[in-house]
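A.B. asks: Okay, here's the prediction I keep looking at, along with the sequence it came from:
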Amino acid sequence: MHLDDTVCRGAVRSRDARFDGFFYTAVLSTGIYCRPSCPARTPKDANMVFHASSASAQAAGFRACKRCRPDAVPGSPEWNVRSDTVARAMRLIADGVVDREGVPRLAEGLGYSVRQVERLLNDELGAGPLALAQAQRAQSARILIESTDLPMSDIAFAAGFSSVRTFNDVLRATYATTPSALRSAAGTDARPSPDGTVIHLRLAFREPLDPSNLLGHLIATGVPGVEEFRDGAYRTTLRLPRGWGIVSVRRPIGSAFPVTLRLSDVRDVSAAVSRVRRLLDLDADPVAIVSHLRADPHLRTAVEAAPGRRVPRVSDPEAFALRAVLGQQVSTAAARTHAARLVQAFGERIDDPDGGLTHLFPTAEAVAGASSEALDAALRVPGTRRRTLLGVAGAIASGVVDLGAGSDWAEARRRLDALPGMGPWTIETIAMRALGDPDAFLVGDLGVVKIAATLGLPTDKRGLEAASRAWSPWRAYAVQYLWALSPHAVNTIPDHDVVLPPLEGPPA
């Protein structure tokens, strides 16, 4: 990633928070690195060196600034926009692949050799996969130190360190202090949990952010037993690498969402945080998106009315693909009912001491392996829909279709398109919400077409597709602004609980 020194210095001098996460400022005279918006005195030009990643700054021997906490900024939006090898690698590292399975597995998932992956990451970010993963481990450890009362030895291994000694050395090098001092400094901001499985944190984002369609969509389409809106918080279950979790998200305060995680295995904290950030689209660059879409006269009014709309994404791409099939050509309520029946029949039960969540959404393997009789009893959908569901589940379970963090968006589209019953609407819905492609566009969506007509845009697929090219590469965000112009529950956060009881037994 090329960093223009002139632009970087200008951002540091103006303390421009829009650049936080894009680059990091290392200060030669103090040995620390900062976010561009750090409130400390601006260093002299000769003392500033710029890094494309916190891992690069740490590898060069710089420590994180205690005042601005550069390790806690939103991630670079580059990895959300791009689908090349480096972007796919960064998404996989954020999901914890290196910690769980090592660099060879990362390289295998990308289709390259270990040497090629190391070269690509070093060339663009100034750090290899191990250094990038270590920076993430340090941040995970800090979250656990400040948010739980787990013993330090447990935190060391939960964060992915191979030994307590390495844990201590890395945290001293990264934060210029000891783990115990980090916990003491947290003071009243730390909210310890007696069993160490409940973690309270704040997930930062770039402003502006309008939460109405983000939380509103997740709540309106929530699957009973898997999602709910209770006591002012959107809550959902998470399927994680080592167990399960429950996340509660409240309306943002300042530039961060208050989030509570309940984990069955605390080692999943890094993966859980990464998936919640993707769910809420927290690493987006709203300034770039707004400035581009506002230039279009058809969208200007909607964009200026609520700048900062995000794309409501998902924490489990494979589960969403199954939900997208069940949502073909039916209402939101019907899609939710079909999904709830699938959950009751094939989902994994969990215990929720804080609310009414009961299940994890079933895996593709569970659905693909279900008998025809079990599916017939669970679902009341046309036979063609059932066959499409089984086809998608089988393709995901066998690895033919990869929708994971490191997936190739174009290849995923091609393979989905080859499956019977998968049309453009379903594929682009999956691309937008599950893959996270910011340029996905639902050209045949009924809501999009209706609003397009009121704005004087073409309503035929070919014409609307051509017109939408003016919104690239942010067409998924354009869809959010188009949907916002219609009166639908997905556009507002309700003022009451939305707790739908799980369906009991097969449909009557």
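C.D. replies: Cool, the structure landed. Numbering: from 1, shown residues only.
A.B. asks: ranges for the helices of the stretch 251-400 of the chain?
C.D. replies: 269-279, 286-294, 300-305, 317-326, 332-346, 364-368, 372-378, 383-398 (DSSP state H, counting those that start in this stretch).
A.B. asks: now for the first one, which elements pack on it?
C.D. replies: For helix 269-279, the elements it packs on are helix 129-147, strand 198-204, strand 233-239, strand 244-250, strand 256-263, judged by 3 or more Cβ pairs under 8 Å, 6 or more residues apart in numbering; DSSP states H and E. C-beta coordinates here come from the backbone N, C-alpha and C atoms, glycine included.
A.B. asks: Just the CA trace of the last one, in CSV.
C.D. replies: Right, the one you point to is strand 256-263. Extracted in CSV, the C-alpha atoms of strand 256-263 (Å, rounded to 0.1, in the frame of the first residue of the first chain):
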residue,chain,number,x,y,z
ALA,A,256,-18.5,3.3,19.1
PHE,A,257,-21.2,0.6,19.6
PRO,A,258,-21.5,-0.8,23.2
VAL,A,259,-21.2,-4.6,22.7
THR,A,260,-21.5,-7.5,25.1
LEU,A,261,-20.1,-10.9,24.2
ARG,A,262,-21.0,-14.1,26.1
LEU,A,263,-18.6,-16.9,24.9
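A.B. asks: Off-centre distance for it?
C.D. replies: Its chain's C-alpha centre and that of strand 256-263 lie 13 Å apart, by Cα atoms, centre = their mean, to the nearest Å.
A.B. asks: what about Arg462, neighbour count?
C.D. replies: 9 (other Cβ atoms under 10 Å).
A.B. asks: Make sure it is indeed in a strand.
C.D. replies: No. Going by DSSP: H, G, I helix; E, B strand; the rest coil, the assignment for Arg462 is helix, not a strand.
A.B. asks: Which one of the helices and strands packed on helix 269-279 lies nearest to Ser153?
C.D. replies: Judged by Cβ to Cβ, the one of these that comes nearest to Ser153 is helix 129-147, at 11.7 Å.
A.B. asks: I'd like the next helix or strand past the closest one.
C.D. replies: As assigned by DSSP states H and E, the chain's next helix or strand after helix 129-147 is helix 152-158.
A.B. asks: List the buried residues for that next one?
C.D. replies: 152, 155-156, 158 (16 or more other Cβ atoms under 10 Å).
A.B. asks: With respect to Ala305, which of the helices and strands packed on helix 269-279 lies nearest?
C.D. replies: For Ala305, the closest of these is strand 256-263, at 22.1 Å, according to Cβ to Cβ.
A.B. asks: buried sites along the closest one?
C.D. replies: Within strand 256-263, judged by 16+ other Cβ under 10 Å, the buried ones are 256-263.
A.B. asks: who touches it?
C.D. replies: For strand 256-263, contacts defined as Cβ atoms under 8 Å, 6 or more residues apart in numbering pick out 197-205, 233, 240, 243-252, 269, 272-273, 276, 280, 282, 352-354.
A.B. asks: Quick one, which of those residues are buried?
C.D. replies: 197-201, 203-205, 233, 240, 243-249, 252, 269, 272-273, 276, 280, 282, 352.
A.B. asks: picking up where we left off before, nearest to Val448, out of the helices and strands packed on helix 269-279?
C.D. replies: The closest of the helices and strands packed on helix 269-279 to Val448 is strand 233-239. By Cβ to Cβ, the value is 24.4 Å.
A.B. asks: circling back: show me the least confident stretch of the helices of the stretch 251-400 of the chain, going by mean pLDDT.
C.D. replies: Per-stretch mean pLDDT for the helices of the stretch 251-400 of the chain is lowest at helix 372-378 (a mean of 90).
A.B. asks: hey, C-alpha coordinates of that helix in PDB?
C.D. replies: Taking Å, rounded to 0.1, in the frame of the first residue of the first chain, the C-alpha atoms of helix 372-378 are listed here in PDB:
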ATOM      1  CA  SER A 372     -36.300 -36.000   2.700                       C
ATOM      2  CA  GLU A 373     -38.800 -36.900   5.400                       C
ATOM      3  CA  ALA A 374     -37.200 -34.600   7.900                       C
ATOM      4  CA  LEU A 375     -37.100 -31.700   5.500                       C
ATOM      5  CA  ASP A 376     -40.700 -32.300   4.400                       C
ATOM      6  CA  ALA A 377     -41.800 -32.200   8.100                       C
ATOM      7  CA  ALA A 378     -39.800 -29.000   8.800                       C
END
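A.B. asks: Which elements pack onto that helix?
C.D. replies: On a contact count with 3+ Cβ pairs under 8 Å, 6+ apart, helix 372-378 meets helix 332-346, helix 383-398.
A.B. asks: what does that helix contact?
C.D. replies: Taking Cβ under 8 Å, 6+ apart as the rule, helix 372-378 contacts 341-342, 344-346, 367, 370, 386, 389-390, 506-507.
A.B. asks: can we see that at 7 Å?
C.D. replies: Under the contact criterion Cβ atoms under 7 Å, 6 or more residues apart in numbering, helix 372-378 has outside partners 341-342, 345, 386, 506.
A.B. asks: just to revisit the earlier point, make JSON lines from the helices and strands packed on helix 269-279 and add mean pLDDT to it.
C.D. replies: Formatted as JSON lines, the helices and strands packed on helix 269-279 follow (pLDDT from 0 to 100):
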{"stretch": "helix 129-147", "mean pLDDT": "92"}
{"stretch": "strand 198-204", "mean pLDDT": "91"}
{"stretch": "strand 233-239", "mean pLDDT": "98"}
{"stretch": "strand 244-250", "mean pLDDT": "98"}
{"stretch": "strand 256-263", "mean pLDDT": "96"}
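A.B. asks: Of the ones you listed, which is nearest Ser56?
C.D. replies: When those are compared by Cβ to Cβ, helix 129-147 sits nearest Ser56, at 7.5 Å.
A.B. asks: and that closest one, how far from the chain's centre?
C.D. replies: The answer for helix 129-147 is 17 Å, by Cα atoms, centre = their mean.
A.B. asks: Mind listing residues that contact that helix?
C.D. replies: If you take Cβ under 7 Å, 6+ apart as the criterion, helix 129-147 is touched by 53-55, 58-59, 71, 89, 93-94, 98-99, 103, 106, 117-118, 121, 125, 150, 155, 158-161, 167, 170-171, 174, 179, 182-183, 186, 190-191, 199-201, 266, 269-270.
A.B. asks: Filter those residues down to just the buried residues.
C.D. replies: The buried subset of the contacts of helix 129-147 (16+ other Cβ under 10 Å) comprises 53-55, 58-59, 71, 89, 93-94, 98-99, 103, 106, 117-118, 121, 125, 150, 155, 158-161, 167, 170-171, 174, 179, 182-183, 190, 199-201, 266, 269-270.
A.B. asks: how many other residues sit next to the residue nearest to Phe346 when sequence neighbours are not counted?
C.D. replies: Using Cβ to Cβ, 6 or more residues apart in numbering and skipping residues adjacent in sequence, the residue nearest Phe346 is Pro362, 3.7 Å away. Using other Cβ under 10 Å, Pro362 has 25 neighbouring residues.
A.B. asks: tell me the contacts of Pro362?
C.D. replies: Contacts of Pro362 (Cβ under 7 Å, 6+ apart): 342-343, 346-347.
A.B. asks: related to what we said a few turns ago, export the buried residues of helix 152-158 to a markdown table and tack on distance to His488?
C.D. replies: A markdown table is the format used below for the buried residues of helix 152-158 (distance: Cβ to Cβ, whole Å):
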| residue | distance to His488 |
| --- | --- |
| Met152 | 49 |
| Ile155 | 44 |
| Ala156 | 48 |
| Ala158 | 41 |
